[in-house]
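In: Requesting a structural model of the entry that follows:
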Amino acid sequence: MNVAEIPTETLVKIQLLNRLLALSEAMVLGNYSGRVVTNFDNETITKIADNLNRLADKLQLNTVGDNQDQTVNTFIEVISSFANLDFKQKLPISESGTIMDAIATGINILGDELEQSTASKLELETERNRLNEAQAIAKIGSWELDTFGFYLTASKEAYRIFELEHQPADLLYKAYRSKIHPEDIDKLNNLTKDVIEKGAAFAVEYRMVCEDGTIKYIRSIGEAIRNNKATGVLLKGTIQDITETKLVEQALKRAKVYAEEANSAKGQFLAHMSHDIRTPLNGILGLTQVMLGEDLNENHRMYLETISNSGKNLSQLINDILDFSKMESGKLRLENIPFNFREAISSTTKPYKFLAEQKGLELTYQIDESLPNEVIGDPSRISQLLTNLVGNAIKFTDHGKIEIVFSLLEISNGEVEILGIITDTGIGIPKEKLNTIFSSFTQVDDSTARKYGGTGLGLSIVKSLLLQMNGDICVNSPADSITNTGSIFTFSIKLKLPDTQTTTSSAGEGVKKLVFEKSLRILIVDDNPVNLLVAELMVKKFGAEVTTAESGNDAIKLIKDGEGDAYDMVLMDIQMPGLDGYQTTVELRKLKYMKPILAVSANAYNEDVQNSLTAGMNDHLQKPYTKEKLFQKIMEFVA
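Out: Okay, the predicted model is just below:
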């Protein structure tokens, strides 16, 4: 029969039988790796193929022999290690390609996949734990809000901050809003609406109410991300518990308010104290100075000079306290006016020369000839620091001498730097006190304070003044290492130089007589009868005709009555009942009184001087004043 005439089904059966024959022959030779796959309707041939395949499987497994149990146990051991997340163990693979090798290969591949998957999960879990720890430490939680359905998800720390239990995203937003302080709900609603519409970043602070009724302060920072389909906006960001920071801020604000109130109260106290002490002190010193101008016997003169010196010491104490207060608040301002340096030093030192002689001490002062006469600075403050240093030297020196030397250090860039040295033979300063002697309220020891008195402010004020003059000060003690006594105060001052220098000093011109060269009529306004009397006596001695008024209303009446043009000047007290000096001055200016008005007041702050000028006065003279200062001030305006 021709092959072409054989039916197709018969040919397929023949091919399949040949393959079954080849498999059976291989199995006889011990090769059990082959298999026959059937896809044929003939049940008999299919069953033969299946049975032969099963036999091959069985025979292949049986080739393991005595090692079968061992192989199975190895499989179990490796799989068990996988269950314990140990993926280092692997099953051996032979080169024979047995079914056991196939199974082992599959188990090894499974182990690799599990290892990679588990490592990723562990890394993810580790990072998540680190993030949670960082958020807990910083008290910062993270959140995401899908505004399409207002589904809110949050980190563990965010839940803790809001004191909420974990719950589904569709319920969390409502639970979160229930915690917001009622007064902040509208603010957050408006913010959310604005962010959704504009897609902008945001930062907001608000409050939440805790279960126990306490308040937490929350800061939320975030951004808006619109999805690709533009069907909604995803808000994501952080929340932070800033309660501690807020409480600290509030405490600092309260402390600042308390400090400002305390400072204001201190300032008011010092102002009132200054006024209330200076007012009677002006009467004491003024009348003492008037009486010293009379013919007196030696005992009476000595008594009055003692009163005068005691009053001046009290006045200096008040000045020190006020200056210290100004320095503390940064309100002390230095003048920059031309003055004769030699005259300033000489006029300040001469009175102390007399005091030193009374104590049996020798006081000398020397001013370098190369120093310029005219400088620009604050002569009153230079006098003040010199007064403190020389006064201390006399106070703490019982025998010996005090030397004052001023010399030129340098002249450059329109400035002169001056070196001052004051040496005494007094009790000296212990080494352990040298570093603190310029601190406020500091003295050598309590016994020194009891014996010599003082507040411990003088040297502190001196150092502060010198620093404002671009200088400094230091002290060496003892000055004499053999006797272990004495102190040397060395300081420097920088002063500006005027464009031109005077060639002669007026120090030797003699004392000018305090007498007006022309006839003057002066109105004095003061509610304190003693101070009114002092001013009246002094001005009359200057040669002027004086009219007095005990109140602002009295002064206004005198001007209204047509006598305004008759007064060349008005000396005006500030603190008076009814109309004070400021109000009275304003009224006088309204009445077209345009002649000089000089404030004569115990108010001593810069603000007081400015208030006087603002009210329409021409200048401000501080009580207590000397007749020389009063004469000088009057002459500035009526000469």
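
In: Could you pull out the strands in the stretch 101-250 of the chain for me?
Out: 140-146, 151-154, 202-209, 215-226, 233-241 (DSSP state E, counting those that start in this stretch).

In: can these go into CSV with extra columns for mean pLDDT?
Out: Below are the strands of the stretch 101-250 of the chain laid out as CSV (pLDDT from 0 to 100):
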stretch, mean pLDDT
strand 140-146, 85
strand 151-154, 88
strand 202-209, 91
strand 215-226, 88
strand 233-241, 86
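
In: Pull out the buried positions in stretch 493-501.
Out: 493-495, 497 (16 or more other CB atoms under 10 Å). No exception for glycine: its C-beta is placed from N, CA and C like everyone else's.

In: Then stretch 245-261?
Out: Lys246.

In: tell me the average confidence for it?
Out: Mean per-residue pLDDT for stretch 245-261: 89.

In: got a list of contacts for it?
Out: Identification of contacts with stretch 245-261 by CB atoms under 8 Å, 6 or more residues apart in numbering yields Tyr217.

In: then it to PDB, C-alphas only?
Out: Taking Å, rounded to 0.1, in the frame of the first residue of the first chain, the C-alpha atoms of stretch 245-261 are listed here in PDB:
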ATOM      1  CA  THR A 245       6.800  77.000  72.300                       C
ATOM      2  CA  LYS A 246       3.600  79.000  72.500                       C
ATOM      3  CA  LEU A 247       3.600  78.700  76.300                       C
ATOM      4  CA  VAL A 248       7.200  80.000  76.400                       C
ATOM      5  CA  GLU A 249       6.300  82.800  74.000                       C
ATOM      6  CA  GLN A 250       3.300  83.800  76.200                       C
ATOM      7  CA  ALA A 251       5.500  83.600  79.300                       C
ATOM      8  CA  LEU A 252       8.100  85.800  77.700                       C
ATOM      9  CA  LYS A 253       5.500  88.300  76.600                       C
ATOM     10  CA  ARG A 254       4.100  88.400  80.100                       C
ATOM     11  CA  ALA A 255       7.600  88.800  81.500                       C
ATOM     12  CA  LYS A 256       8.300  91.600  79.000                       C
ATOM     13  CA  VAL A 257       5.100  93.400  80.000                       C
ATOM     14  CA  TYR A 258       6.000  92.900  83.700                       C
ATOM     15  CA  ALA A 259       9.500  94.100  83.100                       C
ATOM     16  CA  GLU A 260       8.300  97.200  81.200                       C
ATOM     17  CA  GLU A 261       5.800  97.900  83.900                       C
END
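
In: Check the chain for its longest helix and report it.
Out: If you go by DSSP state H, the chain has its longest helix at helix 243-292.

In: Can you get me a residue count around the nearest residue to Ile404 once chain neighbours are set aside?
Out: Closest residue to Ile404 apart from its sequence neighbours, by CB to CB, 6 or more residues apart in numbering: Tyr365 at 3.8 Å. Look at Tyr365: counted by other CB atoms under 10 Å, it has 19 neighbours.

In: quick one, what contacts Tyr365?
Out: 345-346, 349, 353, 403-406.

In: Roughly how far does the residue most central in space within the chain sit from Thr214?
Out: Centrality entry for the chain: nearest residue to the mean C-alpha point is Leu252, 10.9 Å, by CA atoms, centre = their mean. According to CB to CB, to the nearest Å, Leu252 and Thr214 sit 20 Å apart.

In: any idea what sits nearest Glu403, other than its immediate chain neighbours?
Out: Thr423 (4.6 Å).

In: a strand runs through the one you found, doesn't it?
Out: Yes - checked against DSSP: H, G, I helix; E, B strand; the rest coil, Thr423 lies within a strand.

In: Beta-bridge partners for it, please?
Out: Counting by DSSP bridges, Thr423 forms beta bridges with Glu403, Ile488.

In: isn't it right up against Thr490?
Out: No - look at Thr423 against Thr490 with CB atoms under 8 Å: they stay out of range, at 9.3 Å.

In: These two - which one has more neighbours?
Out: Comparing Thr423 with Thr490 by other CB under 10 Å, the one with more neighbours is Thr423, at 20 against 15.

In: Just checking, which helix or strand of the chain averages the lowest pLDDT?
Out: Within the chain, no helix or strand scores below helix 446-452, which has a mean of 48 by mean pLDDT, DSSP states H and E.

In: buried set for stretch 522-539?
Out: Quick answer for stretch 522-539 (16+ other CB under 10 Å): 522-528, 531-539.
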